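In: turn this into a model:
(chains A and B)
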Amino acid sequence: GAGVSQSPSNKVTEKGKDVELRCDPISGHTALYWYRQRLGQGLEFLIYFQGNSAPDKSGLPSDRFSAERTGESVSTLTIQRTQQEDSAVYLCASSSDRVSYGYTFGSGTRLTVV
Amino acid sequence: QQQVKQSPQSLIVQKGGISIINCAYENTAFDYFPWYQQFPGKGPALLIAIRPDVSEKKEGRFTISFNKSAKQFSLHIMDSQPGDSATYFCAAPRDDKIIFGKGTRLHILP
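Out: Sure, this is the predicted structure:
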């Protein structure tokens, strides 16, 4: 596609439920990133995938968070046993190589845990 | 952890004025300094970037000034317009990912 696509755009879930967020990167982009943005805050790095290399999971805040990527395509971020502090916008970005640093972001998934 | 410190948190500028946002970084190994612009409900978009071997880069009304010795870089928006109202993030690369500042919410008064 022409841009990074994220779904759903909005998700309301009950505390304790699991959620899955999806990201479709730009075709051909080898690098994919997940960030979290709490209301009025900056972007917090979560996880990074580059080709077939082991992902950089250093930003995941707890073991309730996990992510997968199939080859160089779709990625899924899973949050288990959601808590109210997980409420945020989850942003996905992709780039063509590790040195360009020219990320293209999706519009994000707004997650609300009630 | 490498830090990117951004100021001010919020900024109000009259239409036609100059908006200035500052960033300071801690690690001298950074080799690329981008600025991102984010409108409400959208993801951030790359606005302009500079490499540390130049002191200034200009694209239209947007200019990055870089001071390597002070480990600072700034974004200047000339002739600021209401359409420039957005949140701006400075950033720096670390280990093949980008670390972002906390953002500056810019509001241009009509």
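
In: what pairs with the helix or strand of chain B with the lowest mean pLDDT, parallel or antiparallel?
Out: Every helix and strand in chain B was compared by mean pLDDT, DSSP states H and E; the lowest is strand B:97-100, with a mean of 86. Each strand paired with strand B:97-100, and its direction, by DSSP bridges: strand B:86-94 (antiparallel).

In: got the contact list for the residue in chain A that chain B sits nearest to?
Out: Nearest residue of chain A to chain B, counting by CB to the nearest CB: A:F105, 3.0 Å away. (Glycine included, C-beta is placed from N, CA and C.) Counting by CB atoms under 8 Å, 6 or more residues apart in numbering or on different chains, A:F105 makes contact with A:V4, A:L91, A:C92, A:A93, B:G43, B:P44, B:A45.

In: among those, which ones are in helices?
Out: With helices taken from DSSP state H, there is no overlap with those.

In: any weak-confidence spans in the chain?
Out: Defaulting to chain A. Counting by pLDDT under 70, chain A shows low-confidence ranges at A:1, A:97-101.

In: wait, I meant chain B there
Out: B:1-2, B:28-29.

In: residues in it within reach of chain A, list them.
Out: B:6, B:32, B:34, B:36, B:41-46, B:49, B:89, B:93, B:95-103, B:105 (CB under 8 Å from any CB of the partner chain).

In: narrow these to just the buried residues.
Out: B:6, B:32, B:34, B:36, B:43-44, B:46, B:49, B:89, B:93, B:96-103 (16 or more other CB atoms under 10 Å in any protein chain shown).

In: ok, back up a step: quick check: the gap between the closest residue to the residue of chain A closest to chain B other than its chain neighbours and B:I18.
Out: The shortest distance from A:F105 to any residue other than its chain neighbours is 3.0 Å, reached at B:G43 (CB to CB, 6 or more residues apart in numbering or on different chains). Distance of B:G43 to B:I18, computed by CB to CB, to the nearest Å: 27 Å.

In: distance check, A:A88 against A:S96.
Out: A:A88 is 27 Å from A:S96, by CB to CB.

In: got it, and A:G59?
Out: 22 Å.

In: so who does B:P93 touch?
Out: A:Y101, B:F30, B:D31, B:Y32, B:I99.

In: now distance to B:S74 and secondary structure too, for those, in TSV please.
Out: As requested, those are arranged in TSV below (distance: CB to CB, whole Å; DSSP: H, G, I helix; E, B strand; the rest coil):
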residue	distance to B:S74	secondary structure
A:Y101	19	coil
B:F30	15	coil
B:D31	18	coil
B:Y32	16	coil
B:I99	18	strand
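
In: CSV for these, including distance to A:K11?
Out: Listed next are the contacts of B:P93 as CSV, based on distance: CB to CB, whole Å:
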residue, distance to A:K11
A:Y101, 29
B:F30, 35
B:D31, 37
B:Y32, 33
B:I99, 27
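
In: show me what the spatially most central residue of chain A bridges to in the sheet.
Out: Centrality entry for chain A: nearest residue to the mean C-alpha point is A:W34, 3.3 Å, by CA atoms, centre = their mean. For A:W34, the beta-bridge partners are A:I47, A:C92 (DSSP bridges).

In: count of neighbours near the closest residue to A:R64 other than its chain neighbours?
Out: Distances taken as CB to CB, 6+ apart put A:Q80 closest to A:R64, at 4.6 Å, once the chain neighbours are dropped. Residues near A:Q80, counting by other CB atoms under 10 Å in any protein chain shown, number 14.
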